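>>> coordinates only, sequence not included:
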C-alpha cells in the first residue's frame with residue numbers, strides 16, 4: 001500500500017447484464033484525509049461505494065486496508081463494518097422512534113445496550129466530544145436531519161470506524177447545518193479517520209476536501225489534489241469535454257429577430273420550493289426554447305418542478321400574460337396551459353399496466369374529470385392521431401405501454417401533454433436512455449412546436465443537445481441560478497466556466 005494510505009482499491013471491475021459499471025478503477029484514501037468522489041449520473045460512484053461496503057461483489061480487482069498485508073474480501077455490509085468501514089447515507093437508516101443513545105448503541109454485543117445509565121453516559125461523552133448538540137435521551141425522530149446524520153456519524157465513530165463514507169450528506173441541509181457537519185468532518189479528520197465525501201456541490205468540495213477522484217462512464221479519469229484542479233477543469237473532466245479540443249457548437253435554433261419582440265408568456269419572481277432551491281427569477285417568451293443547465297444535483301429539475309407545482313412552492317409569484325396566477329399543485333399548472341414531462345419516465349411518467357391509448361389520454365382526462373370519461377371512439381381518435389403524428393412504434397393502441405421501448409414510451413408521454421394543447425411545455429431529460437434516431441426526432445419536434453408558437457423549456461444532461469435546441473440557457477450551480485447565456489455566449493466553454501464559477505472570486 002502507498003505510504004499513509006488507509007484504503008486502496010486497485011483494478012476494480014463490476015458488470016451487470018449489458019452494462020460495464022466499473023472498468024479498471026483505482027481509488028486511494030489516506031489517514032486523516034477528506035477525499036471527494038465526483039462524477040455525473042452513471043459515472044460509477046454508487047457502484048464503487050457498494051463494492052467497498054459489500055453490497056455488491058466485485059468481478060475483479062483488489063481491496064487493501066491499513067494493517068492488512070494481503071487483500072481483504074468484503075462480501076457483505078457486516079464484513080465492511082468488521083474492517084472499520086462505515087457509511088452514512090442521504091436517507092437516514094437509523095430508528096426514529098428510539099432515543100439518540102439507543103441508536104448509537106443498538107446492535108452492540110458488549111451488554112451496554114441493557115444498561116441504560118451506562119449507555120446514556122457513554123452517548124453523552126461521545127456527543128460532547130464531537131460537539132453534537134443533542135441530549136442522549138432525545139427521541140431521534142424529533143431531531144433535524146442534520147443532527148440525525150451527525151448521530152449516524154457518531155455511531156460509526158464509536159464502532160471504531162477507520163473509513164467513513166458520506167453519501168450526499170448535505171443534500172437536505174441548510175447552510176448553517178452544512179457548516180456544523182463540516183466541523184464534525186474536520187474533527188474526525190484530526191483523529192485520523194479517512195472520509196470519502198460523495199456530493200454534487202462544487203463549492204462544498206473546495207471548502208472541505210483535500211483530494212478529488214473523478215469517475216466517468218465507469219472509468220477512472222484521475223485523482224487530483226484540490227489545489228491542482230481548478231473548478232472549470234473539474235467540470236470539464238466530469239463532462240468529458242476538454243477545453244483545449246472543444247469545438248463550439250452553435251444552436252441550430254438561433255432566435256429569430258421576431259423572438260426579441262415576442263411577448264413574455266410566463267414569468268416567475270423569487271420562486272422557491274420545499275426541494276431546497278434558492279429563490280430564482282424566470283421568464284419565457286412565446287415561441288422560445290430555453291433551458292436549465294448545470295451538473296446533476298444543481299437544481300435544474302427542482303426549478304421546473306416548482307414552476308409546474310410538482311413540489312410545494314414556499315415563496316414567490318407567477319404571472320401568465322402579465323397577470324398573477326396561483327400554482328400550488330400540478331392541476332393548477334395544467335389549467336393555466338403548462339405541461340410537464342418529468343425526468344424519470346418510469347416512476348413519474350408512464351403507468352406501465354395501462355395501454356398506450358390510456359396513457360396518451362390521461363392528462364386530458366384529468367383536466368376534464370374522471371366522472372366525465374371520453375367515449376371509446378374519442379379515445380381511439382386521440383390515440384391514433386398522436387401515434388401517427390409522433391411515429392410511435394406500437395402493435396396497437398391497446399398494447400400495454402410497459403411493452404414499448406424507452407423511446408416510444410417517451411413519445412407517448414409527449415403525446416399525452418400535446419393532447420392538452422399547452423401554451424408552455426416543460427421537457428426534463430426527454431432524450432435520456434433512448435436511441436439516437438428518437439433523440440433527433442424529439443429535438444426536431446421541439447423546434448417545430450416552437451416555430452408554431454409554443455414555448456418550451458428543454459433540460460438535458462447532454463450540453464451538445466441543449467446548444468442545438470435552446471436559444472437561451474439558465475445556468476445552475478448548487479441549487480441556485482448563477483448565470484444566463486444566449487447568442488454568442490452559447491458555447492460549451494462558456495457553459496462550463498459559468499458552472500464552475502469565477503475562479504478569482506473563489507480564492
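That came through fine. Keep in mind that this is a model prediction, so the values were computed, not measured.

>>> is it fair to say residue 178 lies in a strand?
No: using DSSP: H, G, I helix; E, B strand; the rest coil, the assignment for residue 178 is helix, not a strand.

>>> Now do the same contact list for it.
146, 170, 204 (C-beta atoms under 8 Å, 6 or more residues apart in numbering). Quick note: C-beta positions are derived from backbone N, CA and C, even for glycine.

>>> for residue 182, same thing?
204, 207, 208.

>>> Tell me how many other residues crowd the last one.
Okay, so that is residue 208. Neighbour count of residue 208, defined by other C-beta atoms under 10 Å: 22.

>>> From residue 417, how far off is the closest residue to it other than its chain neighbours?
Of all residues not flanking residue 208 in the chain, residue 182 sits nearest, at 5.0 Å (C-beta to C-beta, 6 or more residues apart in numbering). The gap separating residue 182 from residue 417 is 42 Å, by C-beta to C-beta, to the nearest Å.

>>> now swap in residue 450 and tell me
15 Å.

>>> So between those two, which is more surrounded?
Neighbours were counted for residue 450 and for residue 417 using other C-beta under 10 Å; residue 450 has more, 24 against 21.

>>> Tell me the one of the contacts of residue 178 nearest residue 342?
residue 170 (24.4 Å; C-beta to C-beta).

>>> Pretty sure the closest one sits against residue 201.
Yes: with contact defined as C-beta atoms under 8 Å, residue 170 counts as touching residue 201 (6.4 Å).

>>> quick one: pLDDT of the residue sitting nearest the centre point of the chain?
Using C-alpha atoms, centre = their mean, the residue of the chain that lies closest to the mean C-alpha position is residue 297, 3.8 Å off. Residue-level confidence at residue 297 comes out at 79, pLDDT.

>>> same question, the one 10 residues further on
At residue 307 the predicted local confidence, pLDDT, stands at 93.

>>> ok, the residue lying closest to it once chain neighbours are set aside - contacts?
In this structure, residue 307 finds its nearest non-sequential neighbour in residue 268, 6.3 Å apart by C-beta to C-beta, 6+ apart. Residue 268 makes contact with 280, 281, 282, 283, 306, 307, 316, 317, 318, 319 under the criterion C-beta under 8 Å, 6+ apart.

>>> what about the fifth one, helix or strand, and which?
Remark: residue 306 resides in helix 300-308, with elements defined by DSSP states H and E.

>>> which residues does residue 89 contact?
Contacts of residue 89 (C-beta under 8 Å, 6+ apart): 167, 168.

>>> Columns secondary structure and pLDDT on top of the contacts of residue 182, output as TSV?
Listed next are the contacts of residue 182 as TSV, based on DSSP: H, G, I helix; E, B strand; the rest coil; pLDDT from 0 to 100:
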residue	secondary structure	pLDDT
204	helix	88
207	helix	93
208	helix	95
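
>>> which of those lies closest to residue 132?
Closest to residue 132, out of all of the contacts of residue 182 and judged by C-beta to C-beta, is residue 208, at 17.5 Å.

>>> how near is the closest one to residue 124?
Residue 208 is 27 Å from residue 124, by C-beta to C-beta.

>>> could you give the mean pLDDT of the helix or strand hosting residue 495?
Assessed by DSSP H and E, residue 495 sits inside helix 492-500. Helix 492-500 shows a mean pLDDT of 88.

>>> What residues of it count as buried?
Using 16 or more other C-beta atoms under 10 Å as the test for burial, helix 492-500 gives 492, 494, 495, 496, 497, 498, 499, 500.

>>> Check stretch 476-487 too.
Per 16+ other C-beta under 10 Å, stretch 476-487 contains these buried residues: 476, 477, 478, 479, 481, 482, 483, 485.

>>> ok now do the fourth one, which residues does it touch?
When the contact criterion is C-beta under 8 Å, 6+ apart, the partners of residue 479 are 276, 277, 278, 298, 299, 302.

>>> go again using 10 Å as the cut-off
Residue 479 sits next to 171, 200-201, 272, 275-278, 280, 294, 297-300, 302-303 when contact means C-beta atoms under 10 Å, 6 or more residues apart in numbering.

>>> Going by neighbour count, list what's buried in the helix or strand containing residue 157.
Per DSSP H and E: residue 157 is located in helix 145-158. In terms of neighbour count (16+ other C-beta under 10 Å), helix 145-158 has its buried residues at 145-158.

>>> Could you identify the helix or strand that succeeds that helix?
As assigned by DSSP H and E, the chain's next helix or strand after helix 145-158 is strand 163-167.

>>> buried ones in stretch 345-364?
Quick answer for stretch 345-364 (16+ other C-beta under 10 Å): 345, 349-350, 355-364.

>>> how far does it stretch from start to finish?
18 Å (C-alpha to C-alpha, to the nearest Å).

>>> How far off centre is that stretch?
Centroid separation for stretch 345-364 versus its chain: 24 Å, with C-alpha atoms, centre = their mean, to the nearest Å.

>>> Likewise for stretch 192-200?
Distance, centroid of stretch 192-200 to centroid of chain: 18 Å (C-alpha atoms, centre = their mean).

>>> ranges for the strands of the stretch 351-500 of the chain?
424-428, 455-459, 472-477, 480-486 (DSSP state E, counting those that start in this stretch).

>>> Then the stretch 101-250 of the chain?
Counting by DSSP E, counting those that start in this stretch, the strands of the stretch 101-250 of the chain are 163-167, 194-198, 211-216, 219-225.

>>> Run a quick neighbour tally on residue 192.
Neighbours around residue 192, by other C-beta under 10 Å: 14.

>>> My read is that it contacts residue 84, right?
No: in this structure, residue 192 is not within contact of residue 84 by C-beta atoms under 10 Å, at 11.4 Å.

>>> intersection of neighbour lists for the two?
6, 66, 162.

>>> How is the protein partitioned into domains?
5-239, 261-337+423-429+451-507, 343-421 (automatic domain parsing).

>>> right, and those domains - which one's nearest residue 444?
Nearest to residue 444 among the domains of the chain is domain 261-337+423-429+451-507 (9.5 Å), distances taken as C-beta to C-beta.
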